[in-house]
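Here is my input, please return the structure:
(one chain, ligands or ions: 1)
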Amino acid sequence: MTTKSHLFYQTDSRRPVLAEARGIYMWDVDGKRYIDGSSGAMVSNIGHSNPRVLDAMRRQMEKSTFGYRLHFETEPGEKLAAKVAGLTPEGMEKVFFVSGGSEAVESAIKLARQYAVTVGQNSRWKVISRTPSYHGSTLGALALTGYNPLTRPFEPMMQPMPKIPAPRAYLDGLDIDDPATGNHYAEMLERKIIEEGPDTVLAFIHEPVGGASTGALVPPAGYMQAVREICDRHGVLLIHDEVMSGGGRTGRFLGADHWGVAPDIIAISKGFGAGYAPLGAMIAHDRLVEPVLQSGGFMHGHTYAGNPLACAAGLAVLEEIEAGGMMENATRSGDLLKSRLNDLMQRYAFIGDVRGRGLLLAFELVSDRQSMRPLPKELNAHSELVELAYEQGLIIYSRRTRDGVEGDHFLVCPPMITTAAQIDELMEMLTAALDRFAERVEPALRR
Ligand code: PMP
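The predicted structure follows:
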């Protein structure tokens with residue numbers, strides 16, 4: 001019997017009803033088991049139903065579930081902010097809680113702007129971002145998002161923002177380990193700042209390790225440092241969108257920690273609440289926040305910000321990551337999974353690239369590796385392969401985003417608790433799905 005649903009999200013495709021989830025596994029109401037091979041949308045970093053997080057939430061619920069920020073400080077909020085400040089680069093001392101990634105990005109660009117106004121730099125308002133990129137779905141964050149299919153209908157309602165290409169060295173045939181490659185892409189930022197007029201540019205925002213839009217793009221050697229230097233040279237603030245790469249998934253708390261580069265503002269979410277509560281944060285350098293607070297306060301906020309239940313969950317998540325050595329496991333299991341994904345390139349000629357750090361990993365499908373041409377659009381690979389994996393009981397995450405509309409990549413990002421044996425299990429399901437996909441795709445490629 002099918003019942004009419006009153007719920008709606010992006011599409012009308014219906015999914016099985018979730019019954020329960022534990023560790024890296026999920027079950028639907030018919031008893032079918034799934035491996036959460038993408039941690040939802042790279043969210044459930046510590047796995048599902050972690051007993052200590054549930055316990056911390058239960059204890060907090062019995063004390064209070066809401067204290068409005070203009071009326072009360074809360075203990076979980078204070079503790080979590082202090083913990084986060086201790087995990088981020090020196091000087092990144094100020095933590096502003098929100099309930100998700102888009103809110104974190106909105107907060108970041110609004111703080112940047114208010115700082116500029118406060119210090120007399122009224123002319124600075126443009127935020128440069130990259131194509132492709134995803135920074136959120138609210139209109140401010142969407143204006144930074146470099147992905148036409150999502151932005152086009154809303155263009156009249158948004159302020160256009162300048163874009164530069166993301167450093168996709170693998171598509172341009174450049175060596176990711178050569179610092180000249182990093183400079184090549186970073187120079188695009190400098191040229192854009194000069195073209196726009198440096199005194200009009202407020203900030204540059206990018207994802208240190210790419211998320212869904214680029215498919216776990218790792219920057220080429222020298223890129224992160226060169227970008228920092230260029231921003232400093234032109235008085236442009238550097239914002240790291242660590243909504244997906246932050247929280248430990250890459251093997252470090254922040255993606256940018258792999259390069260030792262500190263931005264001025266950080267946006268985090270997803271793995272920060274790890275699926276236990278809607279939670280995100282904008283973390284900013286003292287030097288930006290102090291003048292804004294002195295000048296009358298930050299003109300921005302969300303009602304649910306700093307919710308004590310969400311903060312108690314976030315705190316327990318960070319404690320579990322530390323106690324369980326989960327970042328170390330993300331590195332260990334990530335290296336293993338990446339090498340197993342690389343092995344698939346021997347078996348399937350249509351896998352063009354495998355990339356990522358820790359357990360933020362992706363592979364991209366192509367027609368042939370020489371040209372790196374995408375698969376024909378009609379094959380609908382991004383959704384076909386996801387469905388085939390789903391049939392096997394494996395959840396992976398895909399996007400079709402090469403230059404806005406073409407190219408299929410797949411994120412394989414199981415929780416940070418995934419063991420070597422579970423990677424075997426995941427790979428068996430993925431290989432079965434790819435075998436079935438190959439039966440469909442290979443004849444089409446020979447034609
Ligand atoms: N930035 C990045 C890098 C993201 O991956 C996302 C979510 N996919 C967002 C921002 C927006 O986060 P949310 O969906 O929680 O609003």
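
you'd agree Phe96 is in a strand?
Yes. Per DSSP: H, G, I helix; E, B strand; the rest coil, Phe96 lies within a strand segment.

List the contacts of it.
Contacts here follow Cβ atoms under 8 Å, 6 or more residues apart in numbering; on that basis Phe96 touches Ser107, Leu111, Ala281, Met282, Ile283, Ala284, Phe298, Ala305. Every C-beta, even on glycine, is put in place using the N, C-alpha and C of the backbone.

From Asp175, how far out is the closest residue to Glu190 other than its chain neighbours?
Closest residue to Glu190 apart from its sequence neighbours, by Cβ to Cβ, 6 or more residues apart in numbering: Ile230 at 4.7 Å. Look at Ile230 and Asp175: by Cβ to Cβ, to the nearest Å, they are 21 Å apart.

more neighbours, these two?
Ile230 (20 against 12; other Cβ atoms under 10 Å).

Isn't the more buried one up against Ala186?
Yes. Contact criterion Cβ atoms under 8 Å: Ile230 and Ala186 qualify, at 6.0 Å.

Which one of the residues in this protein is closest to the ligand?
Nearest residue of the chain to the ligand: Gly101, at 2.1 Å (Cβ to the nearest ligand atom).

Can you name the residues bridging to the closest residue to Ser269 other than its chain neighbours?
The shortest distance from Ser269 to any non-neighbouring residue, by Cβ to Cβ, 6+ apart, is to Gly280 (3.1 Å). The partner list for Gly280 in beta bridges (DSSP bridges) reads Val98.

What of Val127?
Note on Val127: beta-bridge partners by DSSP bridges are Ala203.

Look up how far Leu375 lies from it.
Counting by Cβ to Cβ, the gap from Val127 to Leu375 is 33 Å.

And Glu190, by the same measure?
Glu190 is 35 Å from Leu375, by Cβ to Cβ.

just Arg400 next, same as before
Using Cβ to Cβ, Arg400 is found at 10 Å from Leu375.

again with Thr200
Thr200 is 40 Å from Leu375, by Cβ to Cβ.

What of Gly40?
Gly40 is 26 Å from Leu375, by Cβ to Cβ.

same check, this time on Glu78
51 Å.

So which of those two has more stuff around it?
Leu375 (25 against 14).

Wait, that one touches Ala381, no?
Yes. Leu375 is within contact range of Ala381, at 4.8 Å (criterion: Cβ under 8 Å).

and for those two, which residues touch both?
Leu365, Asp408, Val441.

are any of these buried, and which?
Neighbour counting with 16 or more other Cβ atoms under 10 Å marks Leu365, Asp408, Val441 as buried within the shared contacts of Leu375 and Ala381.

hang on, Leu318 in a helix?
Yes. Leu318 forms part of a helix when assessed by three-state DSSP.

Skipping adjacent residues, who's closest to it in space?
Closest residue in space to Leu318, ignoring its immediate chain neighbours: Lys83 at 5.6 Å, by Cβ to Cβ, 6+ apart.

Can you name the residues of the stretch 101-250 of the chain that neighbour the ligand?
For the stretch 101-250 of the chain, the residues in contact with the ligand (Cβ under 6 Å from any ligand atom) are 101-102, 105, 134-137, 207, 211-212, 241, 243-244.

Filter those residues down to just the ones in helices.
Gly101, Ser102, Val105 (DSSP state H).
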